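> Next comes the sequence, and after it the predicted model I'd like to discuss.
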Amino acid sequence: MEAGRTEIRLLELLPALASGKPIQCKIHHSFLEDSPTYSAISYCWGHTNKMVPIHIGNCEIRVTINLKDALQHLRHTDTSRFLWADAICINQTDLYERNQQVRIMRDIYINSTITVVWLGK
């Protein structure tokens with residue numbers, strides 16, 4: 001993260017014609033000062049002992065079933081969708097970054113085009 005500007009990561013959720021297709025994404029770095037267009041997801045993480053894979057570029061990461069379900073539901077069939085989801089867009093293993101990002105979560109939600117609340121299936 002770059003000092004002096006409010007940097008966040010955004011998830012580009014790639015389209016899929018069928019809802020059962022694996023989740024494919026890309027990560028982009030952005031600055032809130034540049035007014036990026038994205039939707040923020042508010043959701044319950046769910047059980048962390050039941051993680052499932054999604055793909056970001058050529059890497060596989062594991063997310064909770066609830067987040068995977070939200071991404072499948074929010075995915076478009078023909079265009080990418082830009083999202084902010086804390087479990088993916090914040091490096092959860094970097095305590096400094098996590099604390100810094102948590103402090104700006106209000107700004108992240110306020111600056112989103114829309115906040116999607118996912119209650120689950």
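Done, it's in.
> next one: phi and psi at Gly57?
phi 60, psi -130 (degrees, to the nearest 10).
> give me the element the residue lying closest to it once chain neighbours are set aside is part of.
Closest residue to Gly57 apart from its sequence neighbours, by C-beta to C-beta, 6 or more residues apart in numbering: Lys26 at 6.0 Å. (Each C-beta comes from the backbone N, C-alpha and C, glycine too.) Element membership for Lys26 (DSSP states H and E) is strand 24-31.
> and that strand, average pLDDT?
In this model, strand 24-31 has an average pLDDT of 97.
> Which strands border that strand, and is each parallel or antiparallel?
strand 7-13 (antiparallel), strand 51-56 (parallel) (DSSP bridges).
> could you dump those strands to TSV with mean neighbour count, distance to Leu71 and mean pLDDT?
Formatted as TSV, these follow (neighbours: other C-beta atoms under 10 Å; distance: least, C-beta to C-beta, whole Å; pLDDT from 0 to 100):
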stretch	mean neighbour count	distance to Leu71	mean pLDDT
strand 7-13	21	6	97
strand 51-56	15	7	96
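> Can you say which of the ones you listed is nearest to Thr37?
In terms of C-beta to C-beta, the element of those nearest to Thr37 is strand 7-13, at 9.2 Å.
> what about the residue nearest to Gln101 when sequence neighbours are not counted, neighbour count?
Spatial nearest neighbour of Gln101, excluding adjacent residues (C-beta to C-beta, 6+ apart): Ile90 at 4.5 Å. Counted with other C-beta atoms under 10 Å, the neighbours of Ile90 add up to 20.
> The residue nearest the centre of the chain and Gly4: what is the separation?
With distances taken as C-alpha atoms, centre = their mean, the residue of the chain nearest its centroid is Ala85 (2.9 Å). Distance, Ala85 to Gly4, using C-beta to C-beta, to the nearest Å: 25 Å.
> just Ser39 next, same as before
Per C-beta to C-beta, Ser39 is found 26 Å from Gly4.
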